[in-house]
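A.B. asks: Give the three-dimensional model of this entry:
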Amino acid sequence: MQIKFSNKRFFLYFSILIIFLYSLLFGSCKFSQSKKAHEGFNPRQGVYYSLFVRSFADSNGDGIGDFNGIAQNLDYLSSLGISGIWLLPIYPSHSYHGYDVDNYYDVNPEYGSMEDFENLVSQCHERGIAVMLDITFNHSSVHNEWFVASKNPTDPHRNWYKWLSSDEAAHRLNQKIWGHALWNECNGSYYSGEFYDGMPDYNLDCKELREELKRVLAFWIDKGVSGFRFDAAGHIYDKIKMPEGFSDSIQSSVGFWKEISEFVKQRSPESYCVAEVWDKSGIRAQFLTGLESVFHFDIGDTYIQNILTTKNAGNNKLAHVLENDYTACSSFNPNFIDAPFLTNHDQARAASLIKGGAEPLKVAAGMYILTQGIPFIYYGEELGMKSGARDESKRTPFLWSNTQDGKKAKIPNFQTTWASDDDSVYNAKTEGVKQQEKDKNSLLNYYKRLVAFRNACPAFKGKLTAFDTGNKSLCTWIMSHQEKNAFVVHNISETEQEVSLPEGYSYTSAFCSKPVKDNKNGSVVLQPMSTAVFCK
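C.D. replies: Residues are numbered from 1 along each chain as shown. A predicted model of the protein is given here:
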């Protein structure tokens, strides 16, 4: 049958066809670009950089860091040799820190637009830098529309949170935690807020909520995000907020995280996720049944700081603690990835606790970066930034330049200014990027050298084994990957120390913070407060 078309109808159908073809070609463009961007780099190796957007780089002069500020300073991040950035919460929030999320599907307008975020991710990928988002599934904000809706006992969101009636017998409504009430009255009922009343706890037994949280993850993965840092992962089934008689905190938590981890892997096989389980090493290890990586708490704030303060390595204690922890973790997950760090956003900065200036801080850097897994550098750590006890002082503006030069200096480009003078005073004498980049012996330039070496040495893709010398001034271990091996030595004393190299290792150091002397007798001498690596 022959069909006749008028010119008007022909152009109508032709236009529809063009629109259809355009949608096929470009409708999935963002997803295709995101997947393509992942080619050529591996989010599951290297060194990550923990970054508080509010404090890092201000691109528009309002005093608050933003996505464009980060994007415009990727040269700096690339110079550090990092493979990924972990962004502390970027979502709309009523707090400065963002851990009480108002909306999981949007970005904090103070940090820029969603388009700005997408541009940042794209530019990071072009440089081989993965982007990890901080996300909390333990609680939301009281301003989140899910919680607002849950105040109505008949609303479907009611079961998304932990609500109790006033006559609840299975819980103690007067329960206290960390000095505040756990259960908070609202409209004649009570909701739990383990961290505070502005962070209502989720009911993670709710299947509908779990599916929604997966949609949140999928949303960000489709934006090109390469992984997540799960906040408060060890608290989701804390016994204190569960009914009396409940005793399956770890088992229930592991079950939830296993479900979440498997979803992320199915959606993005190359992704890397790490969880905050701030607990004893034995507890952290058990969580690895459902997670591939948890932060290695205690390495920095307990062992490294103590060793460098006392200048006593004991019987190579750090190496044995690490080795024992790895063994425990492997028993629950043979493929776990360790995540060592010196300090984080909840801890006093190392430079405030380790005295002696840049030299011991250089040794401290090697003591966590030259280990197994994926180390995390907390922003400003490479500058020796300091802090007080308040959380705000631990998250103060990154120092692009030292403006404390005796004059009322102009605010440096990209410098954020949101923090109070009381919280920023700790860094009045800390040198910024501009100053340290000019000094070849600065802490910043040492971090660059150290990370570059780690990235180039295949042995650090492998496993750590303690190697004892019997010298209490030395921390020593061997890193091995396939047939590549590296002997790591830290002299934590203020005097020279001699060490005999294991058989087969080259007397020419592959890396050293200070020149090493070869004794020509099978041993070498390390200078005070120094690190060296020998390979075979």
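A.B. asks: Okay, now the unreliable bits of the chain?
C.D. replies: Counting by pLDDT under 70, the low-confidence segments of the chain come to 1-40, 403-410.
A.B. asks: So which residues of the stretch 1-150 of the chain form helices?
C.D. replies: Counting by DSSP state H, counting those that start in this stretch, the segments of the stretch 1-150 of the chain that form helices are 7-26, 29-37, 53-56, 67-71, 74-79, 114-126, 145-150.
A.B. asks: Asn60: what's it in contact with?
C.D. replies: With contact taken as CB atoms under 8 Å, 6 or more residues apart in numbering, Asn60 is in contact with 66, 68. No exception for glycine: its C-beta is placed from N, CA and C like everyone else's.
A.B. asks: Pull up the distance across stretch 79-88, start to finish.
C.D. replies: Separation of the first and last residues of stretch 79-88 by CA to CA, to the nearest Å is 21 Å.
A.B. asks: Mind listing residues that contact that stretch?
C.D. replies: In this structure, residues lying in contact with stretch 79-88 by CB under 8 Å, 6+ apart are 41-43, 45-53, 70, 77, 97-98, 124, 128-134, 226-227, 229, 272, 345, 374, 376-377, 382, 395, 447-448, 451-452, 454-455.
A.B. asks: Show me which of the residues you listed are buried.
C.D. replies: Among the contacts of stretch 79-88, those buried by neighbour count (16 or more other CB atoms under 10 Å) are 41, 43, 45-53, 70, 77, 97-98, 124, 128-134, 226-227, 229, 272, 345, 374, 376-377, 382, 395, 447-448, 451, 454-455.
A.B. asks: Checking Glu498 next. Helix, strand or coil?
C.D. replies: Remark: Glu498 carries the secondary structure label strand [criterion: DSSP: H, G, I helix; E, B strand; the rest coil].
A.B. asks: From Lys461, how far out is it?
C.D. replies: 30 Å (CB to CB, to the nearest Å).
A.B. asks: next one: Ser192
C.D. replies: 43 Å.
A.B. asks: The two: which has the busier surroundings?
C.D. replies: Ranked by neighbour count (other CB atoms under 10 Å), Ser192 and Lys461 place Ser192 first, with 27 against 17.
A.B. asks: residues contacting the more buried one?
C.D. replies: By CB under 8 Å, 6+ apart, the contact set of Ser192 is 162, 164, 182-184, 200-201, 241.
A.B. asks: Just list whatever residues bridge to it.
C.D. replies: Each beta-bridge partner of Ser192 is listed here, defined by DSSP bridges: Trp183.
A.B. asks: Quickly note the distance from it to Pro243.
C.D. replies: Separation of Ser192 from Pro243 (CB to CB): 12 Å.
A.B. asks: got a list of contacts for stretch 343-358?
C.D. replies: Applying CB under 8 Å, 6+ apart, the external contacts of stretch 343-358 come out as 50, 52, 88, 97, 295, 300-301, 304-305, 308-309, 342, 360-361, 364, 376, 378, 380-381, 384-389, 391, 394-395, 426, 430, 441-443, 446, 529.
A.B. asks: State the distance from Thr343 to Lys394.
C.D. replies: Here the distance between Thr343 and Lys394 works out to 8 Å (CB to CB).
A.B. asks: same deal with Ala218?
C.D. replies: According to CB to CB, Ala218 and Lys394 sit 32 Å apart.
A.B. asks: between those two, who's got more neighbours?
C.D. replies: Lys394 (24 against 15).
A.B. asks: Please determine how far that one is located from His345.
C.D. replies: Look at Lys394 and His345: by CB to CB, they are 6 Å apart.
A.B. asks: and if you look at His157?
C.D. replies: With distances defined as CB to CB, the gap from His157 to His345 amounts to 30 Å.
A.B. asks: and if you look at Asn441?
C.D. replies: Using CB to CB, one obtains 28 Å as the distance from Asn441 to His345.
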